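Student: fold the following for me, if possible:
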Amino acid sequence: MAFRNVFSLILILYALKTARCSRVTLNNGGYEDILIAINPALKEDFKIIQNIETMVKDASTYLFQATNNRLFIRSAKILIPSTWSPNNYPKRTTETYDKADVIVAEPYRNYSIDPYTLQYGQCGEQGRYIHLTPRFLLDKKLKSVYGPRGRVFVHEWAHFRWGVYDEYNSDKPYYTHGTLKVEATRCSIDKFGINILQPDQCSGNSCPLTTCNFDRKTGLYEQGCVYLPDKQQIVRESIMYAQLLFVCKVLVRKPR
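Tutor: Numbers count the residues shown, from 1 in each chain. Alright, predicted model coming up:
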């Protein structure tokens, strides 16, 4: 497949709301009919639609590269609320908010603005849906935190479609390796970065960085220490650890 054929057809539909069942199909390497639905409670903002379109197209290119030219996104549909201004969009047929593969909504209780995939099953089982917030789609500053939106989408798509999990552990961010060397939980250990304490306060775009101390009781770094990978390094793996790094890739042996 020539690289120039990797594209996404975005269809915008006018929506109503009504059980969730993904109708995404994989046809000759291309995912078809991904349904992205905007929550009816969101204030009308055409920029959300534009940024979704850009995100999906970028995600298709990144997915193609990350799977050794095997997979891409062929088509996706955006379901907009019926309360938004009509703009000659095609009317929905069987598409509903509750059947969406991706929803755009304000954060639910106990969740922050982080993009996430709702997963109840074991490894290998498809998730229920991907949740993106309007702030994630609109705030350019968040790209420095999460990375390009297209890459984030591929990260979440791997959760949703393939049932894989993150290659980091927020609860246990460190472990001892080999000769009791402390390593950050990540894949792979060839990645390099620094260990810092999470800052209590930030001033504007500046946050003070404090080096972590070693805790003799635990044999690890002190509580509150986090591993910050160098964003400029070039690595081959893994999307499920840090999609913001350059040339991060994941190999898919059995597409579905």
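Student: skip the chain neighbours and tell me the closest residue to residue 146.
Tutor: Leaving aside its sequence neighbours, residue 146 sits nearest to residue 152 (C-beta to C-beta, 6 or more residues apart in numbering; 5.1 Å). Heads up, the C-betas are built off the backbone N, CA and C, glycines and all.
Student: make that residue 196, sorry
Tutor: residue 209 (4.9 Å).
Student: pLDDT wise, what is that neighbour at?
Tutor: Note on residue 209: pLDDT of 71.
Student: separation between residue 216 and residue 222?
Tutor: 10 Å (C-beta to C-beta, to the nearest Å).
Student: what does residue 145 give?
Tutor: 23 Å.
Student: do the same with residue 56
Tutor: On the measure of C-beta to C-beta, residue 56 and residue 222 end up 42 Å apart.
Student: point out where the chain drops to low pLDDT.
Tutor: Along the chain, segments meeting pLDDT under 70 span 1-11, 13-21, 165-175, 177-180, 184-193, 198-208, 229-256.
Student: for whichever helix in it runs longest, name the packing helices and strands.
Tutor: In the chain, ranked by residue count with DSSP state H as the criterion, the top helix is helix 46-66. Under the contact criterion of 3 or more C-beta pairs under 8 Å, 6 or more residues apart in numbering; DSSP states H and E, helix 46-66 touches strand 9-14, strand 34-38, strand 72-73, strand 75-80, helix 134-138, helix 149-162.
Student: now do that helix against strand 75-80, angle only.
Tutor: On the basis of axes from the mean of the first three to the mean of the last three C-alpha atoms, to 10 degrees, helix 46-66 is oriented at 160 degrees to strand 75-80.
Student: can you give me the end-to-end span of stretch 127-146?
Tutor: Using C-alpha to C-alpha, to the nearest Å, one end of stretch 127-146 lies 21 Å from the other.
Student: list the buried residues in it.
Tutor: 127, 129, 130, 131, 132, 133, 134, 136, 137, 142, 146 (16 or more other C-beta atoms under 10 Å).
Student: pull the most distant pair out of these.
Tutor: Greatest spatial distance in the buried residues of stretch 127-146: 127 and 142, 22.0 Å, computed using C-beta to C-beta.
Student: got the domain boundaries for the chain?
Tutor: 3-162, 174-229 (automatic domain parsing).
Student: out of those domains, which is the most enclosed?
Tutor: domain 3-162 (a mean of 17; mean count of other C-beta atoms under 10 Å).
Student: pull the residues that contact stretch 37-52.
Tutor: 10, 12, 15, 17, 36, 78-85, 95-97, 100, 102-106, 134, 137-138, 149 (C-beta atoms under 8 Å, 6 or more residues apart in numbering).
Student: could you do stretch 124-134 as well?
Tutor: Contacts for stretch 124-134 (C-beta under 8 Å, 6+ apart): 20, 22, 42, 45, 48, 100-108, 111, 113, 115-121, 153, 156-157, 159-164.
Student: try it again with 7 Å
Tutor: Identification of contacts with stretch 124-134 by C-beta atoms under 7 Å, 6 or more residues apart in numbering yields 20, 42, 48, 100-107, 113, 115-120, 156, 159-161, 163.
Student: do the same with stretch 102-120
Tutor: Under C-beta under 7 Å, 6+ apart, the answer for stretch 102-120 is 34, 36-39, 42, 48, 127-137, 146, 152, 156, 159-160.
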